[in-house]
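> got a predicted structure here, sequence first:
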Amino acid sequence: MNMTKGLFRPLHAAGLISLSALALTLSTALPTQATGPGARHLSGDTGRKDSSAQAVSVSRVFCPRGTAVQSGGYSTTHWDHGRDGTLRHTVLASHPVVDAHGRKGWYASAAHAEVTAHVVCAPSPDQD
């Protein structure tokens, strides 16, 4: 007799997305002892889908001077629907970034969704 049947059902897409968003919010929005006092959670502008067939969106956010990147991530909204009605979106990238002026932050991009980059910045005496 299979006692585990039905115990591990796949989450509905909306449930999985909600759970992922909650995990991202709790992991990046709330400074922890590991990040130390004065840590700040910042969000970039939401990237809008371009007109390409892949409908790519991009978002960046940078830490203020005197702070350093501790962690980062992304959130997505406004997903496209496939022919079968299912939601489709793909995160293409989520990683630290440095701009031409040396500012450090977080970069995120997605296909078939709007994306927002998030970063946790903490005070750093070694930063400009």
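That came in fine, so what should we check first?
> any regions of the chain where pLDDT drops low?
1-36, 125-128 (pLDDT under 70).
> now do the strands in it.
Remark: strands assigned in the chain by DSSP state E are 40-43, 56-62, 67-77, 80-81, 87-88, 90-98, 104-111, 114-123.
> only the buried residues of the first one, if you could.
Within strand 40-43, the residues that count as buried by 16 or more other CB atoms under 10 Å are 40-43. Backbone N, C-alpha and C define where each C-beta goes, glycine included.
> ok, the longest one next?
Within strand 67-77, the residues that qualify as buried by neighbour count (16+ other CB under 10 Å) are 67, 69-76.
> list just the nearest of those to Arg48.
Of all the buried residues of strand 67-77, Arg48 sits closest to Thr76, with 12.3 Å by CB to CB.
> what are the bridge partners for the closest one, then?
Beta-bridge partners for Thr76, by DSSP bridges, are Val115.
> quick check: it touching Ser109?
No: using CB atoms under 8 Å, Thr76 is not in contact with Ser109, being 10.3 Å away.
> for burial, what's the neighbour tally of Arg83?
Arg83 has 6 neighbours, counted by other CB atoms under 10 Å.
> circling back to that earlier point, which residues do Thr76 and Ser109 both contact?
Taking CB atoms under 8 Å, 6 or more residues apart in numbering as the contact rule, Thr76 and Ser109 both touch 91, 115.
> thinking again about what came up before, now, among the buried residues of strand 40-43, which is nearest to Ser57?
Using CB to CB, those come closest to Ser57 at Ser43, 14.2 Å.
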